[in-house]
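Visitor: okay, here's the prediction I keep looking at, along with the sequence it came from:
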Amino acid sequence: MNSGDRREPGDVYMMLSPEGKTQAVSANGRYYKNFGHFINHCTEIILKDWLTPYPNSFFVHYRFADPDLVWKPYENIPMFPRKLSDAIKEQGLKPLNTCRLYPAIYCCQNGLDPLLPENSHEALNKSMAYQSAVWRYSGLERSREQTYTGIETDRGVLLFDNTERGEKLQKRYKDFFAANFFDPRLDITFFRTMELIPDEAQRAKVNPDIDLNTLFRTAPEPFGCLSSGCYADIKEIGICDTVGQFDMSPTLANFAALSGFGKGEIPENIPDRTYDISCLLYLASPECKAPEIQDEFPNFFSYHDRFDPLADRLTQATTENEKTQIMASVRELAGELLREQYPNIRRPQAATPERKEQFGGVGATTEKPVRQLPDVAKKLANRLKKGKGVTR
């Protein structure tokens, strides 16, 4: 769907705050010719009349199959958003399309279409220009409203809010999977973060008690899982926006993406075992060009003494043949240490067609061409080496 799609009689456009409060509504075919027109007009009003910080509101597009059952032909239904919301809930409607305010502002200021996939919040967030713009829109302030985040795995969706406790629990949950990324007991296939608007029943599940002792158990729930009552069903979440998603196949690229190493971050809760495995995987890979690991606190590679002599020999080598032989020894040693010290780590499995489709847009997966792996490995190596009409 794009901004040029024609409006149908049953179309309803809404702008909702991150907490779920109605900020603007268009229904009954009045004024706006399509969803993109509604988004752009609301955005222009906000830029003109509102002061920063802006909330990252949701624009949502619903379509009633029979609007005559919801409103009369000449009824000014946008004046009764509660009636619309109740009808949406009763009919179990899901949004046909969703857009966020921050991408809409950025697109408005840069002549882009906010409804194209490449201009979604998730896609744009990979750009430093967009990240800088978001800092301006948000004023670098914590949201004044209650906002909600979800983390989805194969098990379901855990919900968190933006309170101090909610952010602490969310971090603890993500850190667990990064810290135990290569643990053979871990069997989740994906990790997706999203911002959403939960309904009343789902709000009861917000901020589940995440006890690390529970996550480490293998019974009665699988390793890394809470009790089933803690999770929401993604199919029952009406309004959500993906922020980031990660393939959990046990590859170096996927670990770098989830842990933050790939972006130059310094994770604080990566255990020595996991850090050592990631370093050895890098040293054993064809992308490694030198056996030098320069640690940064709090991470320290345990096998410096085994690789330093090879690093010295590589520095003194005078021919390409010598360097090639030394690097072959580096990869052989790294592979040997992995087999001897960590024989039971998770290993990549062949991706099924369902997984290929599911992770078609994920940043780091086992399905990407080998030629893209050096970029991730290089990042890891570098890291190792150093209103009108709109209610606010």
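Guide: Yep, that arrived. Numbering: from 1, shown residues only.

Visitor: and the contacts of stretch 26-41?
Guide: Stretch 26-41 is contacted from outside by 1-7, 9, 11-15, 24, 59, 61, 67, 71, 73-78, 84, 97, 99, 104, 108, 113-115, using C-beta atoms under 8 Å, 6 or more residues apart in numbering. Where C-beta positions appear, they are placed from N, C-alpha and C, glycine not excepted.

Visitor: what residues sit buried inside it?
Guide: Judged by neighbour count (16 or more other C-beta atoms under 10 Å), stretch 26-41 contains these buried residues: 26, 27, 28, 32, 34, 35, 36, 37, 38, 39, 40, 41.

Visitor: mind checking which of those are in strands?
Guide: Per DSSP state E, strands hold the following members of the buried residues of stretch 26-41: residue 26.

Visitor: would JSON lines of the buried residues of stretch 26-41 with pLDDT and distance to residue 337 be doable?
Guide: Formatted as JSON lines, the entries for the buried residues of stretch 26-41 read as follows, by pLDDT from 0 to 100; distance: C-beta to C-beta, whole Å:
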{"residue": "26", "pLDDT": "93", "distance to residue 337": "63"}
{"residue": "27", "pLDDT": "91", "distance to residue 337": "64"}
{"residue": "28", "pLDDT": "81", "distance to residue 337": "69"}
{"residue": "32", "pLDDT": "91", "distance to residue 337": "63"}
{"residue": "34", "pLDDT": "94", "distance to residue 337": "59"}
{"residue": "35", "pLDDT": "95", "distance to residue 337": "56"}
{"residue": "36", "pLDDT": "95", "distance to residue 337": "56"}
{"residue": "37", "pLDDT": "95", "distance to residue 337": "61"}
{"residue": "38", "pLDDT": "96", "distance to residue 337": "59"}
{"residue": "39", "pLDDT": "97", "distance to residue 337": "54"}
{"residue": "40", "pLDDT": "96", "distance to residue 337": "57"}
{"residue": "41", "pLDDT": "96", "distance to residue 337": "61"}
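
Visitor: show me the buried residues of stretch 26-41 that map onto helices.
Guide: 35, 36, 37, 38, 39, 40, 41 (DSSP state H).

Visitor: in the sheet, who's paired with the closest residue to residue 202 other than its chain neighbours?
Guide: Counting by C-beta to C-beta, 6 or more residues apart in numbering, residue 202 lies nearest to residue 232, which is 5.1 Å off, once chain neighbours are set aside. In this structure, residue 232 bridges to residue 157 when assessed by DSSP bridges.

Visitor: verify the stated contact: residue 208 with residue 230.
Guide: Yes: counting by C-beta atoms under 8 Å, residue 230 is a contact partner of residue 208 at 4.1 Å.

Visitor: what touches both of these two?
Guide: With C-beta under 8 Å, 6+ apart, residue 208 and residue 230 have common neighbours residue 158.

Visitor: helix, strand, or coil at residue 273?
Guide: helix (DSSP: H, G, I helix; E, B strand; the rest coil).

Visitor: do residue 60 as well
Guide: strand.

Visitor: just flag the most distant two among the buried residues of stretch 26-41.
Guide: The most widely separated members of these are 28 and 40, with 19.9 Å between them, by C-beta to C-beta.

Visitor: show me which of the buried residues of stretch 26-41 is closest to residue 306.
Guide: residue 39 (57.5 Å).

Visitor: which SSE is the residue of the chain positioned farthest from its centre in?
Guide: For the chain, the C-alpha farthest from the mean C-alpha position belongs to residue 318; by C-alpha atoms, centre = their mean, that distance is 46.0 Å. Using DSSP states H and E, residue 318 falls within no helix or strand.

Visitor: can you tell me the centre-most residue of the chain?
Guide: Short answer for the chain (C-alpha atoms, centre = their mean): residue 244, at 1.3 Å.

Visitor: please tell me how far that one sits from residue 151.
Guide: Separation of residue 244 from residue 151 (C-beta to C-beta, to the nearest Å) stands at 10 Å.

Visitor: shared neighbours, the two?
Guide: 192, 193.

Visitor: before we move on, the earlier item: reformat the ones in helices among the buried residues of stretch 26-41 as JSON lines; add distance to residue 185.
Guide: Shown next, in JSON lines, are those (distance: C-beta to C-beta, whole Å):
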{"residue": "35", "distance to residue 185": "45"}
{"residue": "36", "distance to residue 185": "47"}
{"residue": "37", "distance to residue 185": "51"}
{"residue": "38", "distance to residue 185": "48"}
{"residue": "39", "distance to residue 185": "45"}
{"residue": "40", "distance to residue 185": "49"}
{"residue": "41", "distance to residue 185": "52"}
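
Visitor: and the pLDDT at residue 355?
Guide: Looking at residue 355, its pLDDT reads 48.

Visitor: brain fart, residue 119
Guide: 95.

Visitor: phi, psi of it?
Guide: Taking degrees, to the nearest 10, you get phi -110, psi 20 for the backbone angles of residue 119.

Visitor: that one: what's it in contact with?
Guide: Each residue near residue 119 by C-beta under 8 Å, 6+ apart is listed here: 103, 106, 107, 112, 113.
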